[in-house]
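1. Based on what follows, work out the 3D shape:
(one chain, ligands or ions: 1)
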Amino acid sequence: MTAPPEARGPSAPPDTAPAAGRSAEGLPRRYGWGLAAVVLLQVIGAVAGLAPLLAVVELGRVLLSPGPLDHGHVWAAVAVGAVGLLVRLLFTAASSGVGHLLDGRMQLALRRLLAARLGRVPLGWLSRRRTGELAKVVGQDVAAVHPLVAHFPGEFASAFVVPLVSLVYLFTVDWRLTLITMAPVALAVALVPLMATPGRRRAEEALDAGMARIANAAVEFVQGISVVKAFGGGERAHRAFITAAEGFTDTFLRWVRGVSGIAAAMMLALSPPFVLLVVLAGGTALITGGSMAAADLLPFLLLGLGLTAPVAALGHGFDDLQAARRALGRVREVLAAEPLPEPARPAAPHGHRVELRGVRFGYEPGREVLRGIDLVLDPGTVTALVGPSGSGKSTLVQLLPRFFDPTEGAVLLGGVDIRELADRELYRAVSFVFQDVRLLRASVEENIALAVPHADRGDVVRVARTVDLHERILRLPRGYDTVLGEEAELSGGETQRIAIARALLAETPVLVLDEATAFADPQTERAVRSALADPAGDRTVLVIAHRLETVADADTVLVLEDGAVVERGGPAELLARDGRFAAFWRAHRSAAADETRGGAPREGAPR
Ligand SMILES: Nc1ncnc2c1ncn2[C@@H]1O[C@H](COP(=O)(O)OP(=O)(O)OP(=O)(O)O)[C@@H](O)[C@H]1O
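-> Down below sits the predicted model:
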């Protein structure tokens, strides 16, 4: 199902519509005329480039011919040569200009397509991808189309047209020496298929994969460097990088071994000395045999070299071309990622009661992480989700903001399947604070007001006060205008509180929260509590609870085990039942007691 234009998010630029001709495949069609112009200009330039050579041939003929010098002929040849040179200069420059312009446009279009697609893929798809991997696709891989657009079409066309025109001319001079002159090119062309065997393609793919492994190992090493240093595991982390680099060396050597023989043979066949040798040997034989005039050798010497040069250039471009083809393959793979289906006719939710009906979900086929979840979250209630690590808590809460769609069953908001809601509608209703908070390289104010871009400063300050950040922000170099990540860095707890402030300012009726244990400072705990306490009293809250306080204050507790709800009810009721929840409670209470060195646990008893 594709979304009609009106169903797209407000931020989608108009050029990103996935309409016909706006796919990666549609790009060559969209820029077809431009590409044709690049080819035509290049061909005219290249053919005009033959004129100076022919002029030299003519001059040779005139100067070598017996009798008085025909000045008119000489000047005509010089003029033709000069004009040819000028035309060549102008046209190849124009071709290159248009090619680079097109290249810029196509790269922009591809990046827009990628941005549009990345904006529509499930959020969960993005969180599973490595950052380095996607950055490479959007950056380097898109840039790799450069030779494909700016250089290859023109070079490819002239590599055919120039030799063809030259050959036609040479045939008119002497067909036998023409055939001899063609021998080096024919030899080189015969070697081309050996450069594109499946084995070589595999070797090239292995080379790319090896490079990607190095990039990932480097990114991971740099990202985790602080942890690695702190735990003295520097060598271990280096090892991943070194292993990747060594693996790459082996792959590279295999690739070089496979290609070097063919490449050397091609270079030899196309090298000027070899071509000259062939032409001279053939020409001498014909001249001494008396079947060709000595002056006729000149065009073969001049144009013969011109036959091989474009083919040699093509050979160099071939590797770039292969690399571009593989890069485009990776771009296409991202573009082929299934977007979350959007409804053709978005429905409107009635209220903000959340319901999960028979929800099943697995990241991979055959391995279910959620196995039939039924639950109702009523407005004005806080539901705490507890359960052992890996039981599926994060997966479950991520279904509400549509990180993924359930494989079976449905998530309903206000009685409507969230798949039937427009994105905008869903994110107006549901906000989330998960552990992995990303701040934008933007001002503090913009970061807090992400969901409400036109919020006034007063509101931003109000939520910042609620999460205990106001004083801290005032201490930043430029207060609320400080650009995060550039002018100032925030701590983990402060980052969490920015995310909570963001959610509070959005005032969505549904809030999904993962209580981060990593940042359990008193201020962040207070911020979480203010997020859970709703003055208006009708917010629907689902929280992955790690602290007993949160559990104790919840209206309902759900105990999740192995993807299924094994217990549900009020905390006091569950405690009285002495089942899974009671065990969880006791375990956490003794942990909390240990933390306070045997003192009384901080958490109160369930209501
Ligand atoms: N992106 C993913 N791709 C594949 N499997 C995943 C992914 N995320 C989680 N899982 C798997 O799904 C199962 C449930 O994970 P989930 O993170 O939902 O559990 P959790 O209860 O939130 O755990 P924790 O409390 O440790 O965060 C685990 O077995 C996990 O390995």
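
2. phi, psi of whatever residue of the stretch 401-550 of the chain ends up closest to the ligand?
-> Proximity to the ligand, evaluated over the stretch 401-550 of the chain using Cβ to the nearest ligand atom, is greatest for Ile544 at 6.7 Å. Every C-beta, even on glycine, is put in place using the N, C-alpha and C of the backbone. Per-residue torsions, Ile544: phi -80, psi 110 (degrees, to the nearest 10).

3. residues touching it, list them.
-> 384-386, 393-394, 397, 513-515 (Cβ atoms under 8 Å, 6 or more residues apart in numbering).

4. same thing but 6 Å
-> 385, 393, 397, 514 (Cβ atoms under 6 Å, 6 or more residues apart in numbering).

5. and it, what pLDDT?
-> The model reports Ile544 with a pLDDT of 91.

6. same question, the one 3 residues further on
-> The predicted local distance difference test score for Arg547 is 80.

7. try Ile225
-> 67.

8. Could you shift the numbering so residue one becomes 32, and keep it that way?
-> Sure, I'll start numbering at 32, so the last one becomes Ile256.

9. what's the pLDDT at Ala50?
-> 39.

10. Of the contacts of Ile575, which belong to helices?
-> Secondary structure assignment by DSSP state H places 424, 428 of the contacts of Ile575 in helices.

11. just curious, which of the contacts of Ile575 is nearest to the ligand?
-> Lys424 (3.6 Å).

12. on that earlier part again, specify the beta-bridge partners of the residue of the stretch 432-581 of the chain closest to the ligand.
-> Taking DSSP bridges, one obtains Leu416, Asp545 as the residues bridged to Ile575.

13. near the ligand, which residues of the chain show up?
-> 159, 394, 400, 418, 420-426 (Cβ under 6 Å from any ligand atom).

14. rerun at 8 Å
-> Where the chain comes near the ligand, counting by Cβ under 8 Å from any ligand atom, the residues are 155, 158-159, 394-395, 398, 400, 418-427, 429, 466, 545, 575, 591, 594.

15. Can you go through the residues you listed and name the buried ones?
-> 155, 400, 418, 422-427, 429, 545, 575, 591, 594 (16 or more other Cβ atoms under 10 Å).

16. Check those and tell me the two furthest apart.
-> Across these, no pair lies farther apart than Gly155 and Gly418, at 19.5 Å, counting by Cβ to Cβ.

17. Next secondary structure after the helix or strand of the chain with the lowest mean pLDDT?
-> One helix or strand of the chain scores below all others by mean pLDDT, DSSP states H and E: helix 256-261, with a mean of 64. With elements assigned by DSSP states H and E, the helix or strand that comes after helix 256-261 is helix 265-301.

18. Any idea how far that following helix is from the middle of the chain?
-> 25 Å (Cα atoms, centre = their mean, to the nearest Å).

19. which helices and strands does it pack with?
-> helix 206-226, helix 229-254, helix 328-366 (3 or more Cβ pairs under 6 Å, 6 or more residues apart in numbering; DSSP states H and E).

20. now the next helix or strand after that helix against helix 328-366, angle please.
-> Sequence-wise, the next helix or strand downstream of helix 265-301 (DSSP H and E) is helix 303-319. Interaxial angle of helix 303-319 relative to helix 328-366 (axes from the mean of the first three to the mean of the last three Cα atoms, to 10 degrees): 140 degrees.

21. now what about helix 303-319, what contacts it?
-> So helix 303-319 is contacted by 208, 211-212, 214-215, 299, 323, 325, 328, 331-332, 335-336, 339 (Cβ under 6 Å, 6+ apart).

22. what's the answer for stretch 426-434, then?
-> Residues contacting stretch 426-434 (Cβ under 6 Å, 6+ apart): 153-155, 400-401, 442, 461, 463, 543, 573, 575.

23. Give me the buried subset of the residues you listed.
-> By 16+ other Cβ under 10 Å, the contacts of stretch 426-434 give 153, 155, 400-401, 442, 461, 463, 543, 573, 575 as buried.

24. Can you tell me which one of the residues you listed sits lowest on pLDDT?
-> If you rank the buried ones among the contacts of stretch 426-434 by pLDDT, Gly155 sits at the bottom with 70.

25. Quick one: residues contacting that residue.
-> Per Cβ under 6 Å, 6+ apart, neighbours of Gly155: 434-435.

26. For the residue with the largest distance to the centre of the chain, which three-state class applies?
-> When distances are taken from the C-alpha mean of the chain, Gly98 lies farthest, 71.0 Å away, according to Cα atoms, centre = their mean. Taking DSSP: H, G, I helix; E, B strand; the rest coil as the rule, one finds Gly98 in the coil state.

27. Kindly report the same for the one 10 residues further on.
-> Using three-state DSSP, the structure places Ala108 in helix.

28. do you know how far it is from the ligand?
-> 73 Å (Cβ to the nearest ligand atom, to the nearest Å).

29. Kindly report the same for Glu364.
-> Glu364 is 18 Å from the ligand, by Cβ to the nearest ligand atom.

30. Gly403 too?
-> 15 Å.

31. repeat for Leu359
-> 27 Å.

32. Pull up the per-residue confidence for that residue.
-> 84.

33. got the contact list for it?
-> If you count contacts by Cβ under 6 Å, 6+ apart, Leu359 has none.

34. and with 7 Å instead?
-> Val176 (Cβ atoms under 7 Å, 6 or more residues apart in numbering).
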